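In: here is my input; please provide its structure:
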Amino acid sequence: MNGSTFGNIFKITTWGESHGKAIGVVIDGCPAGLPLEAEDIQKFLDRRKPGQSRFTTKRQEADQVEILSGVFEGKTTGTPLSLIVPNTDQRSRDYSEIANYYRPGHADLNYDRKYGFRDYRGGGRSSGRETIGRVAAGAVASKILGELGISLSAYTCAIGPVAIAPSRFDKEEIFKNPLYMPDAQAARKAQECLEQAMKETNSLGGMVECVITGAPAGLGEPAFDKLDAALAKAILSIGAVKGFEVGSGMAAARSDGLQNNDAYGVDSRGNLIKKTNHSGGITGGISDGTPIIFRAAFKPTPSIAAVQETVNRQGEPIEIQIKGRHDPIIVPRAVVVVESMAALVILDALLASMTTRMDRIKDFFLNR
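Out: As a prediction, the model looks like this:
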């Protein structure tokens with residue numbers, strides 16, 4: 001199976017299945033000398049692990065990470081980092097029925113068509129548990145970025161019909177409610193909508209927004225490797241993401257040039273500034289030094305207990321009710337996944353940008 005490796009300089013390879021013995025990631029290209037402990041990674045994994053609230057799957061997994069290689073005496077050695085998280089609460093019997101039919105909204109049918117074989121236990125490689133490796137790697141990338149003054153903040157900006165209000169935005173509120181919404185009023189309304197969906201054995205979709213501050217101008221390449229294109233690939237590679245937008249995004253199509261262009265000006269200290277940020281911090285595929293802002297749209301959880309129509313492997317129409325322990329909404333646990341994938345992209349772009357100007361190369365090698 002191709003496509004399990006991501007990145008160019010800071011490169012990761014995730015491995016493992018939902019009901020296998022473990023999930024993990026190998027990170028290549030991590031610089032030596034980074035202070036790193038398992039707790040640095042665990043803090044990120046705790047944000048995506050199951051069982052956090054009634055709006056997440058009841059699967060009980062500690063998602064405890066272990067560093068197998070690449071760290072000595074509390075610092076990275078420059079060799080590959082290998083991280084592992086054991087699976088401890090698999091209930092494969094819950095999935096025995098789906099071996100012979102295809103769940104609506106899942107990759108079951110396409111896996112059979114592509115490989116002629118599939119691991120039906122929890123979706124195997126297409127399960128949300130695959131994101132454990134991404135988050136573990138993202139924790140390492142975020143720590144490196146933090147040492148460079150770059151920070152990322154992702155949060156839920158909409159669930160179903162409920163969206164946060166800019167006037168009520170409160171960053172401190174993000175970690176005060178189970179939905180990771182920076183708007184207490186919207187979080188309450190969203191929880192009511194989720195309660196109703198659960199009563200109807202249904203699920204909801206939503207939107208995650210991510211803001212990256214401190215990233216310098218000059219990240220990204222102007223043709224095929226634009227920074228926004230790299231972010232789009234990273235975010236759309238997350239299971240259940242069906243839409244991606246930067247800055248004004250889709251709203252730009254309903255705007256005009258005078259409204260959508262970001263006018264330039266000069267502040268009181270003589271520094272060039274943008275008066276607005278419709279571009280989301282990226283113009284011409286290159287970061288401009290202002291906050292990078294993007295959003296990811298997640299579809300509703302496809303595993304629902306309501307009766308659905310499908311076909312079995314013999315092509316016969318049937319009705320099903322999916323068993324197992326599933327999230328009524330994917331979004332809250334996906335917030336940290338979005339943040340982690342963004343961190344991987346920004347770090348990789350930073351490392352690549354070190355070679356784009358001769359003066360910087362000379363400064364590095366001649367002034368050491």
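
In: any weak-confidence spans in the stretch 51-200 of the chain?
Out: With pLDDT under 70 as the threshold, the stretch 51-200 of the chain has low-confidence stretches at 51-53, 55-61, 89-96, 122, 124.

In: show me where it has strands.
Out: According to DSSP state E, counting those that start in this stretch, the stretch 51-200 of the chain carries its strands in the segments 66-69, 71-72, 75-76, 81-86, 151-159, 162-163.

In: quick one: closest of those to residue 114.
Out: Minimum separation from residue 114 across the strands of the stretch 51-200 of the chain (C-beta to C-beta) falls at strand 81-86, 26.6 Å. Glycine gets a C-beta too; all of them are placed from N, C-alpha and C.

In: can you list the strands that that closest one pairs with?
Out: According to DSSP bridges, the neighbouring strands of strand 81-86, each with its direction, are strand 22-28 (antiparallel), strand 66-69 (antiparallel).

In: just name the most buried of those strands.
Out: strand 22-28 (a mean of 21; mean count of other C-beta atoms under 10 Å).

In: tell me which other helices or strands the following helix or strand past that one touches.
Out: Tracing the chain C-terminally past strand 22-28 and defining elements by DSSP states H and E, one meets helix 38-48 next. Packed against helix 38-48, as judged by 3 or more C-beta pairs under 8 Å, 6 or more residues apart in numbering; DSSP states H and E, are the following elements: strand 66-69, helix 131-147, helix 331-353.

In: export these to CSV and append columns for distance to residue 47.
Out: Listed next are those as CSV, based on distance: least, C-beta to C-beta, whole Å:
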stretch, distance to residue 47
strand 66-69, 18
helix 131-147, 8
helix 331-353, 4
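
In: nearest to residue 155, out of the ones you listed?
Out: Of all those, it is helix 331-353 that lies closest to residue 155, at 6.2 Å by C-beta to C-beta.

In: the stretch 251-368 of the chain: strands as residue ranges?
Out: Remark: strands assigned in the stretch 251-368 of the chain by DSSP E, counting those that start in this stretch are 264-266, 272-274, 282-283, 286-287, 292-298, 308-311, 317-320.

In: now do the helices in the stretch 101-250 of the chain.
Out: Assigned helices in the stretch 101-250 of the chain, in chain order: 108-115, 131-147, 184-199, 227-236 (criterion: DSSP state H, counting those that start in this stretch).

In: which among the helices and strands packed on helix 38-48 is found nearest to residue 29?
Out: Ranking these by distance to residue 29, with C-beta to C-beta as the measure, places helix 331-353 first at 7.5 Å.

In: gap between that closest one and the chain center?
Out: Put simply, helix 331-353 sits 7 Å off its chain's centre (C-alpha atoms, centre = their mean, to the nearest Å).

In: one step back: out of the helices and strands packed on helix 38-48, flag the one nearest residue 183.
Out: Ranking the helices and strands packed on helix 38-48 by proximity to residue 183 (C-beta to C-beta) places helix 331-353 first, at 14.1 Å.

In: elements contacting that closest one?
Out: In terms of contact count using 3+ C-beta pairs under 8 Å, 6+ apart, helix 331-353 is assigned the packing partners helix 38-48, helix 131-147, strand 151-159, strand 206-213, helix 227-236, strand 292-298.

In: could you dump these to CSV with mean neighbour count?
Out: Converted to CSV, these look like this (neighbours: other C-beta atoms under 10 Å):
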stretch, mean neighbour count
helix 38-48, 19
helix 131-147, 24
strand 151-159, 22
strand 206-213, 21
helix 227-236, 21
strand 292-298, 24
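
In: closest one to residue 284 among those?
Out: Closest to residue 284 of the helices and strands packed on helix 331-353, according to C-beta to C-beta: helix 227-236, at 9.5 Å.

In: now do that closest one against strand 206-213, angle only.
Out: Direction vectors for helix 227-236 and strand 206-213, defined by axes from the mean of the first three to the mean of the last three C-alpha atoms, to 10 degrees, enclose an angle of 140 degrees.

In: mind listing what residue 231 touches?
Out: For residue 231, the contacting residues are 244, 246, 292, 294, 342, 345, by C-beta atoms under 8 Å, 6 or more residues apart in numbering.

In: try residue 27
Out: The neighbourhood of residue 27, defined by C-beta under 8 Å, 6+ apart, consists of 10-12, 70, 80-83, 137, 140.

In: hmm, back to that, can I get the helices of the stretch 101-250 of the chain in TSV with distance to residue 316?
Out: Compiled in TSV, those are given as follows (distance: least, C-beta to C-beta, whole Å):
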stretch	distance to residue 316
helix 108-115	14
helix 131-147	34
helix 184-199	30
helix 227-236	34
